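**Student:** sequence first, predicted model second:
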Amino acid sequence: MEWGNIISGKRLGMETLYENNNSDRSTFQRDYDRLIFSAPFRRLQNKTQVFPLPGSIFVHNRLTHSLEVACVGRSLGNGISRRLTRMYPELKDTLISETGNIVSAACLAHDMGNPPFGHSGEKAISAYFTEGKGQALKEQLQQVPAWWTDIINFEGNANAFRLLAHKFLGRRDGGFAMTYSTLASIAKYPYSSVYAEGRHKFGFFDSDAAAFERIATELGMIRLSAPGEPLKYTRYPFVWLVEAADDICYLLMDLEDAHKLRLIPTEQTKELMLAFLSDEERAHAQSICSMVSDANEQVSYLRSKLIGMLIQECTDVFIQNEHPILDGTFQGSLIKHINETPKEAYNHLSKISIERIYKSKEVLDVELAGFRIISTLLELMTDAVLNPEREYSKLLINRVSSQYEINGPDIYTKVLAVLDYISGMTDVYALDIYRKINGNSLPAV
């Protein structure tokens, strides 16, 4: 791949249409704005990031997390475009200057495909088909290998691409009609689910493979699979920046939330953060912290300092590995290649977070509840769309939005319609439907 021709403002579904853009906003800024004003993005405000929502202490949800990731992604993208333009002056008049806008838009969208209740929702969907009653559908779904692997490896990243690119009933071609570059920047795993190999990671459903192929071809992404085989590509370069922005934000913000919830004491929180810094930087940071007595303010300062430092570290790694990134041979995330001191601190914080945050009682309670809610909704809705003639099925189906293809031509389309419906729910809506279906709640009169 080459910097001069890997960016395209072409919009999915609008390739042959002229879109008059007389505003001061660039095409890629319009991607960002289109996402901000969308209903699926707004619904992220009521989807769990890690901790239960809401409480007396307002921790992060998927929406605030996505906005913060977009801020970091914009800084990473702008830094990369400035560095590349200095290195290659001939890029000055190309779209490389839009890198920050592309990356920030992709960051906004990176979690839009996640079901309710965080990663527990993803696990519940996969488990229903591998361990639950959904196993009975295996023979029918294996008519096409990718159909079955799509379902049993349900992946929020692939679902984000589907949400943005799929033509749902009554909607326009190309879904959100996003630019090719923004859509490619979301795909952390640019390959079919048949290559997931039990890791639950892939980039697009079989139903959307043709759209992804069109995008990849236009952008010059390197194809690894032979013609006729399921699609497999190397990553689009900006994916590394979206991933880095997410890596920087989620660990530090989860730590800050855990501190506010008193899961990790102030001194330990500060020590975990100060470990990222050199001796000189550490002394300076401690002197700043000594000027304020509020513990939350001290932690906020350290968090902001670390974000700035990690943005610089990841920018350096990207530029140093420019050629392996372009030829598709770079391995691992950018954060895994930063300097030794911050890398050791990051790995240590990851370990502590697993033990003290992600396995905390509060988090596990959300995951347990979410697993049961998602599993129950899946069982009832799947049975309804496969047996629509039953009276109870008719009641359930009438609750589903008309945009979903519950009367699709095959079992794969019908099951995906159920997943579209459930994955689009907020935590509160999923809980409300669950209670009503179980007769534990009635509408207010």
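**Tutor:** Good, I have the coordinates. Numbers count the residues shown, from 1 in each chain.
**Student:** C-alpha from now on. contacts and neighbour counts both.
**Tutor:** OK.
**Student:** can you mark which positions in the helix or strand containing residue 379 are buried?
**Tutor:** Per DSSP states H and E: residue 379 is located in helix 361-386. For helix 361-386, burial by neighbour count (16 or more other C-alpha atoms under 10 Å) applies to 363-364, 366-367, 370-371, 373-379, 381-386.
**Student:** what do you get for stretch 324-331?
**Tutor:** For stretch 324-331, by 16+ other C-alpha under 10 Å, it's 325, 326, 328, 330.
**Student:** measure that stretch end to end?
**Tutor:** Its start and end residues considered, stretch 324-331 measures 9 Å (C-alpha to C-alpha, to the nearest Å).
**Student:** chain center to that stretch: distance?
**Tutor:** For stretch 324-331, the separation from the chain centroid amounts to 22 Å (computed by C-alpha atoms, centre = their mean, to the nearest Å).
**Student:** what lies in contact with it?
**Tutor:** Residues from elsewhere that reach stretch 324-331, judged by C-alpha atoms under 8 Å, 6 or more residues apart in numbering: 1, 2, 222, 234, 235, 237, 318, 321.
**Student:** need the max-distance pair from those.
**Tutor:** Using C-alpha to C-alpha, the pair of these lying farthest apart is 222 and 318, separated by 18.5 Å.
**Student:** between these two, which has more neighbouring residues?
**Tutor:** For residue 222 versus residue 318, neighbours defined as other C-alpha atoms under 10 Å are more numerous around residue 318 (25 against 17).
**Student:** could you verify that that one is part of a helix?
**Tutor:** Yes: checked against DSSP: H, G, I helix; E, B strand; the rest coil, residue 318 lies within a helix.
**Student:** sorry, back to before: could the contacts of stretch 324-331 go into a markdown table alongside pLDDT?
**Tutor:** Shown next, in a markdown table, are those (pLDDT from 0 to 100):
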| residue | pLDDT |
| --- | --- |
| 1 | 86 |
| 2 | 88 |
| 222 | 95 |
| 234 | 96 |
| 235 | 95 |
| 237 | 97 |
| 318 | 97 |
| 321 | 96 |
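**Student:** buried among the residues you listed? Need that as a selection in PyMOL.
**Tutor:** Selection of the buried residues among the contacts of stretch 324-331 in PyMOL, burial being defined by 16+ other C-alpha under 10 Å:
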select buried, resi 1+222+234+235+237+318
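**Student:** out of the contacts of stretch 324-331, who's nearest residue 291?
**Tutor:** residue 318 (35.7 Å).
**Student:** which regions of this structure sit below the pLDDT cut-off?
**Tutor:** Scanning the chain for pLDDT under 70 picks out the ranges 18-23, 49-58, 198-199, 441-445.
**Student:** what about the strands in it?
**Tutor:** Taking DSSP state E as the criterion, the chain carries no strands.
**Student:** out of the contacts of stretch 324-331, which comes closest to residue 426?
**Tutor:** residue 235 (30.2 Å).
**Student:** residue contacts, residue 29?
**Tutor:** So residue 29 contacts 101, 102, 105 (C-alpha under 8 Å, 6+ apart).
**Student:** if you set the cut-off to 6 Å instead, what comes out?
**Tutor:** Going by C-alpha atoms under 6 Å, 6 or more residues apart in numbering, residue 29 touches residue 101.
**Student:** how much space between it and residue 105?
**Tutor:** 8 Å.
**Student:** do the same with residue 432
**Tutor:** 31 Å.
**Student:** just curious, which of the buried residues of stretch 324-331 is nearest to residue 195?
**Tutor:** Closest to residue 195, out of all of the buried residues of stretch 324-331 and judged by C-alpha to C-alpha, is residue 328, at 17.0 Å.
**Student:** and the closest one, its phi and psi?
**Tutor:** phi 80, psi 20 (degrees, to the nearest 10).
**Student:** rewinding a little: how about the buried residues of stretch 324-331, which pair is most distant?
**Tutor:** Between any two of these (C-alpha to C-alpha), the greatest distance is 8.3 Å, for 326 and 330.
**Student:** what's around residue 187, how many residues?
**Tutor:** 26.
**Student:** that one contacts residue 204, correct?
**Tutor:** No: the pair residue 187 and residue 204 does not pass the contact test of C-alpha atoms under 6 Å, sitting 7.9 Å apart.
**Student:** please report the distance of residue 244 from residue 188.
**Tutor:** 11 Å.
**Student:** hmm, I was thinking of residue 390
**Tutor:** Distance of residue 390 to residue 188, computed by C-alpha to C-alpha: 41 Å.
**Student:** more neighbours: those two, which one.
**Tutor:** residue 188 (21 against 12).
**Student:** phi and psi next, for the more buried one.
**Tutor:** According to degrees, to the nearest 10, residue 188 has phi -70, psi -30.
**Student:** renumber starting at 36 from here on
**Tutor:** With the count now opening at 36, the last piece we talked about shows up as residue 223.
**Student:** need the helices for the stretch 186-335 of the chain, in chain order.
**Tutor:** Ranges of helices in the stretch 186-335 of the chain, per DSSP state H, counting those that start in this stretch, are 191-200, 215-221, 244-254, 274-295, 301-309, 314-324, 330-355.
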